[in-house]
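Visitor: Build me a model from this:
(2 chains)
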Amino acid sequence: DTGVSQNPRHKITKRGQNVTFRCDPISEHNRLYWYRQTLGQGPEFLTYFQNEAQLEKSRLLSDRFSAERPKGSFSTLEIQRTEQGDSAMYLCASSPLAGTGELFFGEGSRLTVL
Amino acid sequence: QKEVEQNSGPLSVPEGAIASLNCTYSDRGSQSFFWYRQYSGKSPELIMFIYSNGDKEDGRFTAQLNKASQYVSLLIRDSQPSDSATYLCAVLTYGQNFVFGPGTRLSVLP
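Guide: Numbers count the residues shown, from 1 in each chain, chains lettered A, B, ... in the order given. Below is the predicted model of the structure:
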């Protein structure tokens, strides 16, 4: 069990470009969550999946953000037409369907939009 | 709007003292409550979770939950410099979504 893996770890892009992040959860974890965190703030919920179904998406999330989890394994988070305000750490976490409810976080993908 | 609130700190305590961290939440349907520790530049890691009213102890850590007051706290006894971090309160809502507070930055002074 290698834990939750996120790629790329760092991404620098120019405003207006599209970026995609990938998350590989701990195998057998049914639930997968995406959060965004800026300096000095707690993680802000973006969306979560149970298996391949996207069960909830933050109402605060722009239509420029989309996430998928095909086949209920890895997930991708795409941000289209990036803006400087999108600069943040994007955290992925997974958890099993049964258990304490603990979230297991990846190392995060840091996005810088110039 | 489901909200979780914490004092942002920084909270400074001397080594060996008790650090007390507080959290309030707005959604009465919340089921489970978690405390995560986050070191600078790292991802959050679970410290404790609590489901029922009352106290739950794990080593130097004690979580306290009062659902009537919608209040959760974390006590850290015999604080060590290695406890210096940001402590995040997280609430699991009825919809199985986790809502995090802004975190309290703790500094334990040697």
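
Visitor: What are the contacting residues of the helix or strand harbouring residue B:62?
Guide: Using DSSP states H and E, residue B:62 sits within strand B:61-66. The contact list for strand B:61-66 (Cβ atoms under 8 Å, 6 or more residues apart in numbering or on different chains) reads B:33, B:35, B:47-56, B:71-77. (C-beta placed from N, C-alpha, C; glycine too.)

Visitor: go on, stretch A:7-17?
Guide: Residues outside stretch A:7-17 that contact it (Cβ under 8 Å, 6+ apart) are A:19, A:21-22, A:81-84, A:107-114.

Visitor: circling back to that earlier point, tell me which residues of the strand holding residue B:62 come out buried.
Guide: Neighbour counts over strand B:61-66 (16 or more other Cβ atoms under 10 Å in any protein chain shown) mark B:61-65 as buried.

Visitor: Could you export it as PDB, CA atoms only?
Guide: Extracted in PDB, the C-alpha atoms of strand B:61-66 (Å, rounded to 0.1, in the frame of the first residue of the first chain):
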ATOM      1  CA  PHE B  61      -4.600  14.000  23.300                       C
ATOM      2  CA  THR B  62      -8.200  14.300  24.500                       C
ATOM      3  CA  ALA B  63     -11.100  15.200  22.300                       C
ATOM      4  CA  GLN B  64     -14.300  16.600  23.800                       C
ATOM      5  CA  LEU B  65     -17.700  16.700  22.000                       C
ATOM      6  CA  ASN B  66     -20.800  18.600  23.000                       C
END
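
Visitor: Now find how far off-centre it is within its chain.
Guide: Put simply, strand B:61-66 sits 9 Å off its chain's centre (Cα atoms, centre = their mean, to the nearest Å).

Visitor: and the end-to-end length of stretch B:99-110?
Guide: 33 Å (Cα to Cα, to the nearest Å).

Visitor: buried set for it?
Guide: Neighbour-count burial for stretch B:99-110 flags B:99-106, B:108 (criterion: 16+ other Cβ under 10 Å).

Visitor: Output those of the residues you listed also counted as contacts of chain A.
Guide: The subset of these within reach of chain A, by Cβ under 8 Å from any Cβ of the partner chain, is B:99-103.

Visitor: Any stretches of the chain with poor pLDDT?
Guide: Picking chain A for this. Within chain A, the stretches with pLDDT under 70 are A:1.

Visitor: um, chain B though
Guide: B:1-2.

Visitor: Relative to its centre, which residue of it is most distant?
Guide: residue B:110 (22.2 Å; Cα atoms, centre = their mean).

Visitor: Residue B:81 is in contact with that residue, correct?
Guide: Yes: using Cβ atoms under 8 Å, residue B:110 is in contact with residue B:81, at 5.3 Å.

Visitor: Quickly find the element holding the residue nearest in space to the middle of chain A.
Guide: Central residue of chain A (Cα atoms, centre = their mean): residue A:34, 3.2 Å from the mean position. For residue A:34, the host element (DSSP H and E) is strand A:31-37.
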